[in-house]
Each structure stands twice: as C-alpha cells, then as structure tokens.
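*Asks:* Next comes the sequence, and after it the predicted model I'd like to discuss.
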Amino acid sequence: QKEVEQNSGPLSVPEGAIASLNCTYSDRGSQSFFWYRQYSGKSPELIMFIYSNGDKEDGRFTAQLNKASQYVSLLIRDSQPSDSATYLCAVILEYGNKLVFGAGTILRVKS
Amino acid sequence: EPEVTQTPSHQVTQMGQEVILRCVPISNHLYFYWYRQILGQKVEFLVSFYNNEISEKSEIFDDQFSVERPDGSNFTLKIRSTKLEDSAMYFCASSVGGIRTDTQYFGPGTRLTVL
C-alpha cells in the first residue's frame, strides 16, 4: 500500500508567523508532489506543485522536496487567518496518474 | 478562469437507488477523474478516464460504479445500487494530459447522502 503521511494537527500559529507543514511518502519512485488547500466542506484547491529536489517559491508559499528522504514540506510565510484550512499533500506514484492523498494537516492561524 | 463544474451540489437518495453525478471538465482537458471523500477521511481516487476508456481504477470502483462521457462536455459517475457507505463528497477533476506532472483541477463536489 503506497502511503502519504501527514501530521493531522491542528497546527496553531500566530498571524504573521511562518507555518511549516510536512509530508512523507512511501513510494520511492514517486515523481510529482502537490499541495492542496481544503476549506471545510469545499473541494481541494491547488496551492503548489514540485517535481525536482530543492525549493520552489510562489508568493508566500515555498515547497521543499527531498526525494532521498522521501519528504516534502510547505512553508507559509506571513500566515493570515484566511490561511486557516486543511492542507493536503498529494503524490503521483511511479506508475499511473492518480493522486494519492495524505489525511491532511489542519492549520489554524490566530489573529 | 475555466473551472470544473459539478451537479447537483447535494443529492439525497434511498439505499438501493441509482444515482448519476455529473461533471463538466475544463474544456481543453483530456483526462478526467473521480475522487471521493467520506466525512473526516482522506480524499480517495476512484477512476481515471481518457479517450472514452477507463485508464485506471481503484479497488473501490467495483461493478456498481460506472463512468461515461455521453457527449462532448459531460462526464458522469453512475452508482447503480447505492449503499449507506457510499455517502461521501464526490469530486470530479480534470487535467490537460495524463502525464504525471499535469495538475488536476477539482470541481466543487457533490455531497451524496444515502438514507
């Protein structure tokens, strides 16, 4: 069973702080990694994707990938109360094109 | 900005009844997907569809499920005889192609409640 693991949280950070969300995956051959945000009762909304080792920045968001450690993370700088949501890590395995999701980390940004 | 749309937003049905969930993928996308999320659980893959054929399906996608692209715009998921455990949010997604780097965009979902 190919798994994606996330700490369920909740992760609580004050407004303006950096939120750090982590994800590990079991399929060493995984090629593509995605972070989605999901508000309660809503659908997953893409935040970022990353394919190569290292960092990728987009505005307040930075995704980090370490394939050797099978680890992907998302940093949110200057966290805002509107960032409060569940963050889903999703992976496309070595074969096929389905997304395998983690259970998500609940982020709460306190004003 | 183009988006995936789904109808209905909420469907209530009796156990044993058939339901059809509808999706309109983004117009230039070629790959279509159904996922579901039982309340409080992970988003789970059901099926992917390309060129009028199923390209991949999960073990959840058994004989009671079927998918169809009845015309040039709609993509449907049929559940033949609903069970209580089919109650979930069902999300349709689409991507431009099927390569593993293509982003899948999700529709707003249909909440299915089986009584």
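*Replies:* Here it is on my side, so go on.
*Asks:* quick one, strands of chain B?
*Replies:* B:5-7, B:10-13, B:19-24, B:31-37, B:43-50, B:53-57, B:65-68, B:75-79, B:88-95, B:105-106, B:110-114 (DSSP state E).
*Asks:* Make TSV from the ones you listed and add mean pLDDT to it.
*Replies:* Putting the strands of chain B into TSV (pLDDT from 0 to 100) gives the following:
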stretch	mean pLDDT
strand B:5-7	97
strand B:10-13	98
strand B:19-24	98
strand B:31-37	97
strand B:43-50	96
strand B:53-57	94
strand B:65-68	96
strand B:75-79	97
strand B:88-95	97
strand B:105-106	96
strand B:110-114	98
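*Asks:* Among the ones you listed, which comes closest to A:Asp27?
*Replies:* strand B:43-50 (13.9 Å; CB to CB). Using the backbone N, CA and C atoms, a C-beta is placed for each residue, glycine as well.
*Asks:* Which residue is the nearest non-sequential neighbour of the residue nearest the centre of chain B?
*Replies:* For chain B, the residue lying nearest the average C-alpha position, counting by CA atoms, centre = their mean, turns out to be B:Trp34 (3.0 Å). Leaving aside its chain neighbours, B:Trp34 sits nearest to B:Leu46 (4.3 Å; criterion: CB to CB, 6 or more residues apart in numbering or on different chains).
*Asks:* residues in contact with the helix or strand containing A:Met48?
*Replies:* Applying DSSP states H and E as the criterion places A:Met48 in strand A:45-50. Applying CB atoms under 8 Å, 6 or more residues apart in numbering or on different chains, the contact partners of strand A:45-50 are A:32-39, A:56, A:58, A:61, A:63-65, A:72, A:74, A:87, B:101, B:103-106.
*Asks:* For that strand, which strands pair with it and how are they oriented?
*Replies:* Strand A:45-50 has the following strand partners under DSSP bridges: strand A:32-38 (antiparallel).
*Asks:* Next, the angle from the strand it pairs with to strand B:43-50.
*Replies:* 120 degrees (axes from the mean of the first three to the mean of the last three CA atoms, to 10 degrees).
*Asks:* Would you mind naming what in chain B lies close to chain A?
*Replies:* B:31, B:33, B:35, B:41-45, B:48, B:55-56, B:58, B:89, B:91, B:93, B:95, B:98-109 (CB under 8 Å from any CB of the partner chain).
*Asks:* Report how many residues lie close to A:Tyr25.
*Replies:* 22 (other CB atoms under 10 Å in any protein chain shown).
*Asks:* separation between it and chain B?
*Replies:* 13 Å (CB to the nearest CB, to the nearest Å).
*Asks:* cool, and A:Asp83?
*Replies:* Taken as CB to the nearest CB, the span from A:Asp83 to chain B is 19 Å.
*Asks:* Correct me if wrong: that residue contacts A:Thr105.
*Replies:* No: if you go by CB atoms under 8 Å, A:Asp83 and A:Thr105 don't touch, sitting 12.0 Å apart.
*Asks:* Looking at the two, which one has more neighbours?
*Replies:* Looking at A:Asp83 and A:Thr105 with other CB under 10 Å, you find the greater number of neighbours at A:Thr105, namely 22 against 19.
*Asks:* For chain A, just list every one of the strands.
*Replies:* A:4-5, A:11-14, A:19-25, A:32-38, A:45-50, A:54-58, A:61-66, A:71-76, A:85-92, A:99-101, A:105-110.
*Asks:* Between strand A:85-92 and the third one, find me the angle.
*Replies:* For strand A:19-25 against strand A:85-92, the angle between stretch directions is 30 degrees (the same axes, to 10 degrees).
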